[in-house]
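S.K.: can't give you the sequence, but here's the structure:
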C-alpha cells in the first residue's frame, strides 16, 4: 500500500489516485478539527480561510519536500526525466495518498496522528505566523532578510515545449549559504515559486541556516 501511495499514474495502473481521494478527505477532516480545537477565537470564515491555506498544493508540496518524498516516488522514465519528482502537484498528491494508505492500513486514528504531527505546528501558528498566507518567494525573502542573509537569485535553467505550451525549469540559489533548488511550472512565475518553496524547505530542515 505504501508503494501504491508513492506511485504516479505514469508508472502503471496500480497508482495512487484512489488513495489520494481518500487521503484528501482524511486531511481536511483532521485539519478542520485541529483548527477548531486550537483556534477557539476564529470565526467560521477564518477557519475556512486557514484550512484552505494549510491544505493547498503549495503547503503540501513543502511538507512533501521536508519528508524527502521525491526520492521515493515511482514515476515513468519520461516523467522522471522531466522533473516529475519535484513537481508540486505530484508531490502534494502523493502526500495525500500516504494519508489514505495509513487510514486503510491502520485506521483513522493512526492517519489522524500522522496528519497532526505534520500540521499541528502550522495550525498553532496560524495567527502568529502569517508566512503561511504568503507565497513561497515572499516567505523565502523574509526568512533570509530576518537572518540578514542576501536575497535569492532566480535563473531559467531550461525551457521546453512549444510557444503555446512552454514548460519552465528555474533555479533558485543563495550562494552565501551554498544552497540551490529547482522548480518547474508552466510559467516562469510558477517555476520560481516552486523553486523558492523547495529552497525554503531546505532551510527549514533541522539545523539549517
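M.R.: Sure thing, it's come through. Model, not experiment: these values are computed from the prediction. Numbering: from 1, shown residues only.
S.K.: Output the contacting helices and strands for the longest helix along the chain.
M.R.: Counting by DSSP state H, the longest helix found in the chain is helix 17-38. For helix 17-38, the packing partners by 3 or more CB pairs under 8 Å, 6 or more residues apart in numbering; DSSP states H and E come out as helix 44-54, helix 88-106, helix 108-124. To be clear about C-beta, it is placed using only N, CA and C from the backbone, and glycine gets the same treatment.
S.K.: Could you list every helix and strand that the helix or strand following the shortest one packs against?
M.R.: Translated: helix 44-54. With elements assigned by DSSP states H and E, the helix or strand that comes after helix 44-54 is helix 57-66. Applying 3+ CB pairs under 8 Å, 6+ apart, we find helix 57-66 packed against helix 88-106, helix 188-203.
S.K.: got the angle between helix 57-66 and helix 44-54?
M.R.: 40 degrees (axes from the mean of the first three to the mean of the last three CA atoms, to 10 degrees).
S.K.: Buried ones in helix 57-66, by neighbour count?
M.R.: For helix 57-66, the neighbour count (16 or more other CB atoms under 10 Å) marks 58, 59, 60, 61, 62, 63, 64, 65 as buried.
S.K.: so who does the residue nearest in space to the middle of the chain touch?
M.R.: Compute the mean C-alpha point of the chain, and by CA atoms, centre = their mean the closest residue is residue 61, 1.1 Å away. Residues near residue 61 by CB atoms under 8 Å, 6 or more residues apart in numbering: 88, 91, 92, 194, 197.
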